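J.: starting from these lines, generate the structure:
(one chain, ligands or ions: 1)
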Amino acid sequence: MTQTPQASPAALVHAQSDADRHMLAACFLGPYGENDTLLEKLMVEFLRDHVHWRRNFHPEDPPAIPTSATLQPQYQAFEARMRRELHQLSAALKQSVPFHSPRYIGHMASDLLLPGLAAQILALPYNPNNVSEDAAPITVQLEVQVGLQLARMLGFVADPSRPDCAFGHLTSGGTLANYQALRLALALKAFPVALRAAGVPGVALPDDDWQAFNLGPADAIALLEAWRHWLSCRNHDEQQRWRAAVDAQRIEHLGLTTFFSRHRDLRTPCVLAPITAHYSWSKGLKLLGLGRDQLRLLPVTGMRLDPAALQQELERCEYERQPVLMAVAVLGSTEYGTIDPVDEVVVARERSRRHGLGFSVHVDAAWGGYLATLFREPDGGLRALEDIRQEYRDFPRPEVHAAFSALSQVDSVTVDPHKLGYLPYGTGAFVCRDHRAVELLSEHADYVFREGAADDYMTRYRQLGQFIPEGSKSGAAAAAVYVTHRVLPLDHAHFGIMPRQTVLAAEAFLARAQRFAQDMAPSLNACVPFHPDSNLVCLALNPAGNLDIAEANTFVRDLYDGLRCDPRQPLQLKQFFASITTLQRAMVGDAEMHRILRELGIDPATMERTHTDRLVILRHTLMNPYLVDHENGISYIDRYFDYLTTHLGPPSRT
Ligand SMILES: Cc1ncc(COP(=O)(O)O)c(C=O)c1O
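T.: Next comes the predicted model:
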C-alpha cells in the first residue's frame, strides 16, 4: 500500500524527477532491505544455475561425495563448527558501519548497486582469476570491456580498431591505480633515452638525453611506434638482437641508480600535485623508488589547484633542468570534493612541451570519476553546460564543466568503482588515453602467458597479468563492474541518476547548512568553508563568544564523538554518522584561513598563542541514494540538522 507523504521538506523541492526515482527504487538492496526478495530470487536462481553447470560438465561422473556423508559424525561436527563460526561472524558484523543508511554521511561509502552485488555473488563460485584468459576466459574479457566503458565515459577513444584506442583495467583501489599511472609515465618517459643509448639506426632519435627524456607522452608514443615499425621490417634474428639491446638500456632493467648514473644530464623526475592530493601519491613515489622527496605539493586556492602556481613551478623546473614526470589534477578531492582545473593543467602541459619540458597529465578521479556521467550524452557526446545546469540550483560551475570537458585530453585517469560506482571494495580502475604505451609494462612468464601475443587489441589484453601491478586478481569483481555498466550505461540518462541525486543532496545540504547557521547565530557560529564543487560538504562550527581556535577544535571533536563509529557502543545509539577533517593553515593559506576564522568569530592570533595550525571541521559525504525519502516525506538532511540543533542546544534568543 502506498502511504501518503507526511510532509514536504524544503529539501524535496529540487529533488529528482519521478523517472529517476522510479529507476532508483530498483537499484539497491535499500535502507530497509526493501529489495530483499529480488536479490534472494537472483541468488537462488544463479546458485542453482551454477550447480547445473557443475553437474553437466561430465554428467557421466558420479557424485564423489556420497549422500550418506551427511550422516557421519565428522561431517556433522564440521557443519556444526562452520555454522557456529558463521553465526559468530554474522553477529560480529552487526557492528559494521551502516553504509546503507541515509543516516550515514561520513566517508566515501554507501549502499551497493544490485546488478554489481548480484553479478559478483553469481561469479564467485566460478572463481575466475583475471591474471589471464587461461584462468578466466570470460571475466578477463569483461575487465578489458570495463576499461573501454570507462574510457568512453571520460571521452577517450574507445574503439579497439583505432590504433590510439584507450586501455583500462581494474586495480585493488585508487592507490594502486595511481601507482600504475606513475609506472606507465616513467616507462614512457625513459624509453626514448634507452633507444638513444642502444644506438638504434633508422629511427629519427632526439638529439640528446634531455630532449629524449622530455618528449612528452604523445611524441614518445610516436617514437615508440616508429621503433616498432622499424623493428617489424627486420628479420627474426635482427629483431631479437635489437630488442635485447634496447631492453638492456631501459630504466626497468637497469634500475634508477644505474640509469641515472649512465645519463648524467638527467635528474630523477618530480611529480607535481596539489597539496590536497591523496596520500597514495606519496606511497606511489616510495614504491617506485623515486622517493617521497620528488612529490612537489603545489598551493591551492579554494582547495583547487592554483594554475599560476603550477606554471611558476614548471618555469622553475625548466630553468633548473629538473625533469617532470607528471602533473596530477584531482577530480574530487578526498576531503572537500573540490575539482581541480584539469583544462588549465592540459594547457600547461602543451606550453611546457613547446619549451622542451614534456610530462604526462594524470587525473586522480578516484572519488569524482563517475560524476563524468553527468556530462555525457547517451550517444557519447559531451553535454552543454546550459543543459546540465537546468537540473540543479547551481551545479556545475563553468570551471567544473571545463574540467570535465578536458578529461578527454589527459594522459591517464584513476576512477574507483568502489566509491561513486557503488560497488564492493576491491575495484579501483586505471585508464590511459592511448594504449600503445602499455606494452612497455609487459612482463613475460611462460607458464602464464601464451607466446606470440597478438597485435589484436582484445587478444593482447586478455593476457592482462602482463601489464598490471598485481598477479592473480578477482574476476568476479570485474564481472560486477561490467554488468553494472551494462545495466546502467555511463551517461547522464542511466548511471547519471546516482551522481545526480548526490549533487542534488549536496545542494540541499548546503542550503540547509546556511539556514542552520542563521538559526543558530545567537549561540553558535557556523559556515561552509568552501563552496562545494560536487557532493562533499564540510561544516565549520564555533560556539558564539569563543575566540580561541583550540577551544573550537575541542568543541567540534566532542560533537564528533557522537557522530563517529564506536565499536564499544551499540550501533543504534547513534543517530547519525559524519566524519571530520582539518583545514590546515599551510594548505589553505593565510588569507583564506583568516577569512574562515573571522566568519566563525575566532581570533586568528590564537593560532600562534595556542600553537594550533589547523581548524577541525565536520565533513559530510552525500552519496546515499535515499537521503531524501519521498515515500515518507522525510529529509535525512533536515533531520541531521535537527539533530545538531538539539544536540548543541536550541539557540537562546533574548
Ligand atoms: C582522490 C583519491 N585518490 C586516491 C584514493 C585512494 O583510493 P583507495 O582507498 O581506493 O586506494 C582516494 C581514497 O579516498 C581518493 O579520495
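J.: phi and psi next, for the residue in the stretch 351-500 of the chain that the ligand sits nearest to.
T.: When scored by C-beta to the nearest ligand atom, the stretch 351-500 of the chain has Ala366 as its residue closest to the ligand, at 3.4 Å. C-beta here means a position set from N, CA and C on the backbone, and glycine is covered the same way. The phi/psi pair for Ala366 (degrees, to the nearest 10) reads phi -50, psi -40.
J.: flag the shaky bits of the stretch 251-400 of the chain, pLDDT-wise.
T.: Of all residues in the stretch 251-400 of the chain, none has pLDDT under 70.
J.: same thing with the chain?
T.: 1-16, 445-454, 650-654.
J.: find the nearest non-adjacent residue to the single nearest residue of the stretch 451-600 of the chain relative to the ligand, please.
T.: As assessed by C-beta to the nearest ligand atom, the ligand sits closest to Leu536 within the stretch 451-600 of the chain, at 9.7 Å. Excluding the flanking residues, the one nearest Leu536 by C-beta to C-beta, 6 or more residues apart in numbering is Gly337, at 2.9 Å.
J.: who's in contact with the one you found?
T.: Applying C-beta atoms under 8 Å, 6 or more residues apart in numbering, we find Gly337 in contact with Trp367, Gly368, Ala506, Pro532, Asp533, Ser534, Asn535, Leu536, Val537.
J.: any idea which helix or strand comes after the host helix or strand of Ala92?
T.: Per DSSP states H and E, Ala92 falls inside helix 73-92. Of the helices and strands lying after helix 73-92 in sequence (DSSP H and E), the nearest is helix 114-123.
J.: relative to the whole chain's centre, how far out is that next one?
T.: The chain centroid and the centroid of helix 114-123 are separated by 20 Å under C-alpha atoms, centre = their mean, to the nearest Å.
J.: packing partners for that helix?
T.: The elements that helix 114-123 packs onto, with contact taken as 3 or more C-beta pairs under 8 Å, 6 or more residues apart in numbering; DSSP states H and E, are helix 36-55, helix 475-487.
J.: any idea how far the most centrally placed residue in the chain is from Thr502?
T.: By C-alpha atoms, centre = their mean, the mean C-alpha position of the chain lies nearest to Ala366, the distance being 1.4 Å. Ala366 sits 16 Å away from Thr502, going by C-beta to C-beta, to the nearest Å.
J.: ok, Asp491 next?
T.: According to C-beta to C-beta, Asp491 and Thr502 sit 16 Å apart.
J.: neighbour count: those two, which is higher?
T.: More crowded of Asp491 and Thr502, by other C-beta atoms under 10 Å: Thr502, with 24 against 21.
J.: can you name the residues that contact the more buried one?
T.: So Thr502 contacts Leu420, Ser534, Asn535, Leu622, Met623, Pro625 (C-beta under 8 Å, 6+ apart).
J.: how about a cut-off of 6 Å?
T.: Neighbouring residues of Thr502 by C-beta atoms under 6 Å, 6 or more residues apart in numbering: Asn535, Leu622, Met623.
J.: what does Leu256 give?
T.: Gly289.
J.: swap the cut-off to 10 Å and go again
T.: Contact analysis of Leu256 by C-beta atoms under 10 Å, 6 or more residues apart in numbering lists Leu186, Ala190, Thr268, Leu288, Gly289, Leu290, Gly291.
J.: run the chain-centre distance for the helix or strand containing it.
T.: Leu256 belongs to helix 251-262 when assigned by DSSP H and E. What separates the centre of helix 251-262 from the centre of its chain is 32 Å, taken as C-alpha atoms, centre = their mean.
J.: what of stretch 135-154?
T.: 17 Å.
J.: find the nearest non-adjacent residue to Gln149, please.
T.: His485 (4.4 Å).
J.: my guess is the one you found contacts Gln145. True?
T.: Yes - contact criterion C-beta atoms under 10 Å: His485 and Gln145 qualify, at 8.3 Å.
J.: quick one, which of these two is more surrounded?
T.: For His485 versus Gln145, neighbours defined as other C-beta under 10 Å are more numerous around His485 (25 against 20).
J.: can you give me every residue that contacts the more buried one?
T.: Contacts of His485 by C-beta under 10 Å, 6+ apart are 115-116, 142, 145-146, 148-150, 152-153, 417, 421, 423, 494-495.
J.: Arg397 too?
T.: Here Arg397 is in contact with Ile339, Leu385, Arg389, Ala403, His531, Asp533 (criterion: C-beta under 10 Å, 6+ apart).
J.: which among those residues gets closest to Asp208?
T.: If you rank the contacts of Arg397 by distance to Asp208 using C-beta to C-beta, Ala403 comes first, at 35.8 Å.
J.: not counting sequence-adjacent ones, nearest residue to that closest one?
T.: Ala403 sits nearest to Val342 (C-beta to C-beta, 6+ apart), 4.3 Å away.
J.: in the stretch 101-250 of the chain, which spans are helices?
T.: Taking DSSP state H, counting those that start in this stretch to define them, one finds helices in the stretch 101-250 of the chain at 114-123, 139-154, 174-198, 209-213, 217-232, 236-247.
J.: not counting its own residues, what contacts the shortest one?
T.: With contacts defined as C-beta under 10 Å, 6+ apart, helix 209-213 is touched by 189-197, 205-206, 219-220, 223, 262-267, 269, 321, 323, 325, 356-358.
J.: of those, select the buried ones using a ChimeraX command.
T.: Selection of buried members from the contacts of helix 209-213 for ChimeraX, criterion 16 or more other C-beta atoms under 10 Å:
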select :189,190,191,192,193,194,195,196,197,205,206,220,223,263,266,269,323,325,357,358
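J.: which parts of the helix or strand encompassing Val363 are buried?
T.: Element membership for Val363, per DSSP H and E: strand 360-365. Neighbour-count burial for strand 360-365 flags Ser360, Val361, His362, Val363, Asp364, Ala365 (criterion: 16+ other C-beta under 10 Å).
J.: do you know how far the second one is from Asp343?
T.: Counting by C-beta to C-beta, the gap between Val361 and Asp343 amounts to 10 Å.
J.: anything in contact with each of these two?
T.: Ala329, Ala406, Gln409, Val410.
J.: so the first one: helix, strand or coil?
T.: This points to Ala329. Recorded secondary structure, Ala329: strand (DSSP: H, G, I helix; E, B strand; the rest coil).
J.: can we start the residue count at 390 from this point?
T.: In the new count, where the first residue is 390, that last one comes out as Ala718.
J.: correct me, but it touches Trp670?
T.: No - look at Ala718 against Trp670 with C-beta under 10 Å: they stay out of range, at 12.0 Å.
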